[in-house]
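Novice: my questions concern the predicted model and sequence given below.
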Amino acid sequence: RWRQALLAGHAPQVVLNATNEAALLIVGLDDLKRHAIDLN
């Protein structure tokens with residue numbers, strides 16, 4: 001679902017540290033980092 005939202009231009013923010021590593025099989029790390037709220 002998150003990838004669908006990303007492709008539609010409406011991806012929500014993510015807590016990267018709480019994101020399962022398996023998500024990287026579907027979504028690129030760069031995309032997740034762009035929407036991460038916990039990298040600052």
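Specialist: Yes, it's here.
Novice: please count neighbours and contacts with C-alpha atoms only from this point.
Specialist: Fine.
Novice: and the residue nearest to the spatial centre of the chain, how far from T19?
Specialist: Taking Cα atoms, centre = their mean as the criterion, L32 is the residue nearest the geometric centre of the chain, at 3.1 Å. Distance, L32 to T19, by Cα to Cα, to the nearest Å: 9 Å.
Novice: any common contacting residues for these two?
Specialist: Common contacts of L32 and T19 (Cα atoms under 8 Å, 6 or more residues apart in numbering): none found.
Novice: where does N17 land on pLDDT?
Specialist: We have a pLDDT of 97 for N17.
Novice: that one against D38, yeah?
Specialist: Yes. Contact criterion Cα atoms under 8 Å: N17 and D38 qualify, at 7.4 Å.
Novice: list the contacts for R3?
Specialist: For R3, the residues meeting the contact criterion (Cα under 8 Å, 6+ apart) are 11, 26-27.
Novice: let's see it at 7 Å
Specialist: V27 (Cα atoms under 7 Å, 6 or more residues apart in numbering).
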